[in-house]
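predicted model and sequence below, questions to follow.
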Amino acid sequence: MASISFQNVTKSFGDFNAVSNATFEINDGEFICLLGPSGCGKTTSLRMIAGLETPTSGRIYIGDRDVTALHPRDRKISMVFQDYALYPHMNISDNISYPLKVRGENEATRGERAQEVADVLKIGHLLDRLPAQISGGQQQRTSLARALVNPSQVYLFDEPLSNLDAKLRLEARGFLHHLQHSMGMTSVYVTHDQAEAMALATRVAVMDQGRIVQFATPMEIYRKPATTFVANFVGNPPMNLLPVEAMVADNVLKVRAEGLEVADIPMQRSFAEAVAVNPKITMGVRPEHLRATAEAENVVRGKLFANENMGAEKLVTIERPDAARFTARIFTDDDIILTEDVALGFSSKHITLFDADGNRLALDDE
Amino acid sequence: MTLSFHQMLSRISFSVLTAIIGIAFALPLLWFLFAPFNARAELGLEIPAVFTLQNFYTVFENKFAMRGLLNSFIQSVGGVVLVGISATLAAYALSRSDVPGKKSITYILLLFSSVVSGSAAMVPIFLIISSLGLIDTHIAVILVFAGGLLPTAMFILRDFIDGIPKSYEESAMVAGASSMQAFRDVALPVIRPGIVVVVVWAFVNIWGSFLIPFILLRSDELMPASVAIYSFYSEAGTPIVTLLAAYALIYSFPVISLYLFVNWKFGFRFFGGIKA
């Protein structure tokens, strides 16, 4: 196992900067998720760790080795590919033990190790099959087995679950979490699925347009999203964002918008600074913090737009006069009656504020 | 199910029409199968009264014709090996590397290849081969064919390799393989069906060609079967049909068996990637 370090790493393809000046540290034994929409540079970052892309500038270290220009074979890494990249002409056993073959292990050892790893992953009975003869979930586990068969310093995952159906994906996710906990391997995991990142990661790097927007624990990213981009990307459904007009008076912050009643918010230094620059700020509330009641500290009103039943909960979406939508997650056990006009209530402690540029406004005690 | 009179009529006339077309194409093939075994074969189709192998005995005694089959074999195999290896390596490089303008390289080569092996370039080719001192050698024939067939072979193979995910070799390299090992262990086996197609195509092309060996070769000992077949014409230029038919059947045998072998061994289908 080893740490990973990016120092001012930039990767350009022509005029396009896939990764811009990224600097971060991944500690030994951490499980890091690179999270972001497609084209944000997360896969490019991963491929640079693997050595499949070379940085345009900057340096990458694995442990204390500078690996920036090293061939992938010499990096002591394992990688799981999105399309699994199983060799169609080799049976499962040979696929799994290929890393041992190129390192010169004899056939008996290879067979033994393949059987061991395959048994752990519950594909031990498939070793004689060809990849085309097993299911997608089994192919995924085969590619995982191939990554695990040879001890590596770093384990890389490129959206390994995105080709599985929903149920299998949850199962595989749980297994990966268990695996990482029991082995404590340094892992970097690329995904565009925020739920996957939240469930697996010790820390998440949220990326947007080649830059790391926030690099923090899943809870911190959830509770204190650094920007509106992060707030809008993390959570299912994501945080509701509403443009509001802010005003400072008598050492409190008042926010205004049509159909919105918000109690005075105790003043913070960052609020005053932001409002002085531009009073048009953004207020965010997570869907799970909204209740279907007008009897609350704060209330937002609108017309009923959608009412989706999810079993344990329902998603109630209202459309506001400014065409912004607000979605609430409400337990189905709380029997509520919805009319055409809906009021959603929320507590003051669940409000997050962002300045005009979309950066979160911190509280004074942070 | 009942059919209306019109539907019946159209079905019947369709069947009759296709049968006639089928027969028109089948007749020469039937002649090709029957004539070699007929001691009195003519150009007309005739089921022999007595099947005989006498035609073949006579052909086997013709040293020039037999030598021709061997020469065809040498030239075809030589050309196929050269085309197969060079096209695989070139196509792999063109598909996987970042050579600037790699697309246009293939297209320009492709454009010129039809010129190289065509009759228009015969004079320059003759002059080049002559100044290389290779006139009247197998090497000359092999080189000219390789030059003519390579661009198309590269084009076919490059397309084939483009369709194979890069992640195969990438995963091999991450697993600890050198670029060469990744090519040999992973890429090559996956590309093999494409190579087989190119090899069969190149073999058939060289085996059946007449003009290039006819121009580049002088001595009887080097002439391929396509030229040697003219030893079954009388001096007046009329074919000796019985021997010609027998020799033609022998001549076509390697190509047919190659197709059957490849079909049995590889099935003319592609591995492709695993469904994602």
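That came in fine, so what should we check first? Numbers count the residues shown, from 1 in each chain, chains lettered A, B, ... in the order given.

and the pLDDT for whatever residue of the stretch 1-150 of chain B ends up closest to chain A?
Closest contact between the stretch 1-150 of chain B and chain A, by CB to the nearest CB, is at residue B:98 (10.8 Å). To be clear about C-beta, it is placed using only N, CA and C from the backbone, and glycine gets the same treatment. In this model, residue B:98 is scored at 81, pLDDT.

tell me the pLDDT of residue B:268.
Model confidence at residue B:268 (pLDDT) stands at 57.

correction: the previous question concerned residue A:102.
Reported pLDDT for residue A:102: 92.

tell me the SS of the residue of the stretch 1-150 of chain B closest to chain A?
coil (DSSP: H, G, I helix; E, B strand; the rest coil).

now it: how far from residue A:15?
16 Å (CB to CB, to the nearest Å).

residues from the stretch 151-300 of chain A in reach of chain B?
Within the stretch 151-300 of chain A, the positions near chain B by CB under 8 Å from any CB of the partner chain are A:156, A:163.

quick check: the residue of the stretch 151-300 of chain A nearest chain B.
residue A:163 (5.6 Å).

three-state assignment of that residue?
coil.

give me the number of residues near the residue of the stretch 1-150 of chain B closest to chain A?
Applying other CB atoms under 10 Å in any protein chain shown, we find 5 residues neighbouring residue B:98.

so residue 215 is in which element?
Picked chain A for this. Assigned by DSSP states H and E, residue A:215 belongs to strand A:211-216.

ah, no, chain B please
Assigned by DSSP H and E, residue B:215 falls in helix B:211-216.

check which residues of stretch B:189-196 are buried.
Across stretch B:189-196, burial judged by 16 or more other CB atoms under 10 Å in any protein chain shown covers B:190, B:191, B:192, B:193, B:194, B:195, B:196.

with stretch A:78-97 instead?
A:78-88, A:90-97.

how many neighbours does the residue of the stretch 151-300 of chain A closest to chain B have?
As a burial measure, residue A:163 scores 17 neighbours (other CB under 10 Å).

returning to what we had before: flag whichever of the buried residues of stretch B:189-196 scores worst on pLDDT.
residue B:193 (85).

other SSEs contacting the helix or strand where it lies?
Per DSSP H and E, residue B:193 falls inside helix B:188-207. Contact analysis of helix B:188-207 by 3 or more CB pairs under 8 Å, 6 or more residues apart in numbering or on different chains; DSSP states H and E lists helix B:63-96, helix B:138-162, helix B:241-265 as its packing neighbours.

show me what it is in contact with.
Counting contacts by CB atoms under 8 Å, 6 or more residues apart in numbering or on different chains, the residues outside helix B:188-207 that touch it are A:87-89, B:72, B:75-77, B:79-80, B:83-84, B:87-88, B:92, B:145, B:149, B:153, B:156-157, B:160-161, B:164, B:168, B:226, B:254-255, B:258-259, B:262, B:266, B:268-271.

likewise stretch A:358-366?
Stretch A:358-366 is contacted by residues A:224-229, A:231, A:268-271, A:274, A:281-282, A:352-355 when judged by CB under 8 Å, 6+ apart.

in PyMOL, how would I select the buried members of these?
To isolate the buried subset of the contacts of stretch A:358-366 in PyMOL, counting by 16+ other CB under 10 Å, use the following:
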select buried, chain A and resi 224+225+226+227+228+229+231+268+270+271+274+281+282+352+353+354+355
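
narrow the contacts of stretch A:358-366 to those in strands?
Among these, the members falling in strands (DSSP state E) are A:281, A:282, A:352, A:353, A:354.

quick one: end-to-end distance for stretch A:333-342.
Criterion CA to CA, to the nearest Å; first-to-last residue distance in stretch A:333-342 is 18 Å.

then stretch B:26-42?
Start-to-end span of stretch B:26-42 (CA to CA) is 17 Å.
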